[in-house]
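1. sequence-free structure coming up:
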């Protein structure tokens with residue numbers, strides 16, 4: 001927990017309730033537009049400085065929620081007063097009689113009418129926002145309006161992206177046997193949308209010592225790398241073994257994204273290794289990065305912190321999904337959604353009110369389907385035929401949060 005200024009608190013989690021630092025209103029205020037009046041009328045209209053009190057039989061124009069001058073007995077609504085110009089150049093206000101609706105010199109509002117007394121809306125020390133709550137722009141606006149300068153927060157997890165592959169291009173079309181880096185700017189955007197504070201990507205050199213230096217220099221809670229995760233002798237795996245990283249996950253039973261790894265570095269930081277191929281990397285991020293960041297944000301112990309997914313929990317496939325690489329794999333498949341009722345052949349659909357059309361992985365870096373997806377289907381082993389009901393997550397990997405849903409597992 002730490003104190004954060006308002007300009008750095010967005011996206012953090014309130015560690016303690018946000019309290020009102022003063023009474024609201026902090027002094028007696030007008031409930032509506034009108035005239036602050038003292039004693040009986042008619043009242044001579046004055047324009048007073050802020051610290052000057054009203055004299056008997058005097059009034060001052062006020063707006064709703066404006067702090068009232070001292071000695072204000074009541075606020076006369078604009079519609080219940082008649083303003084007249086006297087021969088001496090002053091202005092006088094006369095109240096309307098409640099029965100005749102005519103100006104009456106003896107008419108006056110009851111004492112306290114139209115006055116919001118100090119602290120009646122909210123006394124000092126009352127709770128504005130409970131904890132834990134994610135700090136949103138609206139919370140920042142209210143905190144600033146309330147006079148709060150900082151708040152005690154749990155900062156969002158910091159995440160770095162390390163792109164392996166010195167031959168990757170950073171601009172222009174693929175050429176001379178080299179391909180564009182499709183992940184360097186994609187992953188920070190995805191990780192940031194999941195609730196992390198993502199650093200700009202760093203290009204990692206293709207030598208062991210320089211790679212280890214980049215890993216050591218990354219001052220983050222979670223470091224995400226791309227490439228060099230396949231089994232065998234490669235630079236990332238070799239470097240992680242040499243420094244004594246603790247292996248938590250070495251491959252997942254998923255298609256695509258099987259060659260994803262997760263280790264805990266000797267200093268306690270987490271490193272998530274994603275495959276170098278873009279569609280496998282995105283699938284790996286959905287499989288592991290989303291629940292990892294949810295765990296680091298505290299979502300898994302308090303569902304109030306969860307960023308809900310934007311898709312329904314389940315849908316019915318309208319066509320066969322791609323086959324898994326291995327029978328025991330879960331297929332991670334981009335899909336397009338539409339309302340159910342009847343399928344494209346006119347047959348009624350009763351299994352799910354939402355239809356999911358599997359999208360093919362083609363186009364640049366096999367990303368056409370991912371770029372056009374409304375959701376991602378997680379297709380369990382043994383299913384995936386047209387008509388099967390499948391679980392959905394949104395394109396960032398966030399599940400639909402429903403009442404009573406069980407939290408996702410995390411890495412201990």
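-> In hand now; what should we look at? The structure displayed is predicted, hence computed values, not measured ones. Numbers count the residues shown, from 1 in each chain.

2. do I have it right that residue 118 meets residue 68?
-> No - with contact defined as CB atoms under 8 Å, residue 118 does not count as touching residue 68 (10.1 Å). Where you see a C-beta, it was placed from the backbone N, CA and C, and this is true even at glycine.

3. tell me which of those two has more neighbours.
-> Under the criterion of other CB atoms under 10 Å, the comparison of residue 118 against residue 68 puts residue 68 first, with 23 against 17.

4. pLDDT score for the closest residue in space to residue 369 that isn't next to it in sequence?
-> Residue nearest to residue 369 in three dimensions, not counting chain neighbours: residue 359, with 3.3 Å by CB to CB, 6 or more residues apart in numbering. Per-residue pLDDT puts residue 359 at 92.

5. run a quick neighbour tally on residue 359.
-> 22.

6. pretty sure residue 172 belongs to a helix, no?
-> No - checked against DSSP: H, G, I helix; E, B strand; the rest coil, residue 172 lies outside a helix; its state is coil.

7. follow-up on the earlier one: give me the common contacts of residue 118 and residue 68.
-> Taking CB atoms under 8 Å, 6 or more residues apart in numbering as the contact rule, residue 118 and residue 68 both touch 27, 28.

8. helices of the chain, residue ranges please.
-> 137-145, 186-193, 208-217, 235-242, 278-284, 290-297, 368-371 (DSSP state H).

9. residue 263 touches residue 243, doesn't it?
-> No - between residue 263 and residue 243 no contact is recorded; they are 9.5 Å apart, counting by CB under 8 Å.

10. settle it for me: which of these two has more neighbours?
-> Counting neighbours by other CB under 10 Å for residue 263 and for residue 243 shows that residue 263 has the greater number, 23 against 13.

11. can you tell me which residues contact that one?
-> With contact set as CB under 8 Å, 6+ apart, residue 263 has these partners: 240, 245, 246, 247, 248, 270, 271, 273.

12. got the domain boundaries for this structure?
-> With domains defined by automatic domain parsing, the chain comprises 2-21+125-154, 29-116, 158-304, 314-393.

13. redo those as JSON lines? Include distance to residue 399.
-> Output for those, formatted as JSON lines (distance: least, CB to CB, whole Å):
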{"stretch": "domain 2-21+125-154", "distance to residue 399": "17"}
{"stretch": "domain 29-116", "distance to residue 399": "43"}
{"stretch": "domain 158-304", "distance to residue 399": "9"}
{"stretch": "domain 314-393", "distance to residue 399": "5"}
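
14. any chance of the helices of the chain in a markdown table, with mean neighbour count too?
-> Formatted as a markdown table, the helices of the chain follow (neighbours: other CB atoms under 10 Å):
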| stretch | mean neighbour count |
| --- | --- |
| helix 137-145 | 14 |
| helix 186-193 | 20 |
| helix 208-217 | 14 |
| helix 235-242 | 17 |
| helix 278-284 | 26 |
| helix 290-297 | 24 |
| helix 368-371 | 18 |
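
15. turn those helices into JSON lines, including distance to residue 334 and mean pLDDT.
-> Formatted as JSON lines, the helices of the chain follow (distance: least, CB to CB, whole Å; pLDDT from 0 to 100):
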{"stretch": "helix 137-145", "distance to residue 334": "30", "mean pLDDT": "92"}
{"stretch": "helix 186-193", "distance to residue 334": "14", "mean pLDDT": "91"}
{"stretch": "helix 208-217", "distance to residue 334": "31", "mean pLDDT": "88"}
{"stretch": "helix 235-242", "distance to residue 334": "27", "mean pLDDT": "90"}
{"stretch": "helix 278-284", "distance to residue 334": "9", "mean pLDDT": "91"}
{"stretch": "helix 290-297", "distance to residue 334": "15", "mean pLDDT": "88"}
{"stretch": "helix 368-371", "distance to residue 334": "4", "mean pLDDT": "88"}
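
16. can you put the ones you listed in CSV and add distance to residue 14?
-> Listed next are the helices of the chain as CSV, based on distance: least, CB to CB, whole Å:
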stretch, distance to residue 14
helix 137-145, 8
helix 186-193, 20
helix 208-217, 31
helix 235-242, 36
helix 278-284, 32
helix 290-297, 13
helix 368-371, 35
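
17. run through the strands of the stretch 251-400 of the chain in chain order.
-> 254-255, 261-264, 270-274, 314-317, 330-339, 354-358, 375-379, 389-393 (DSSP state E, counting those that start in this stretch).
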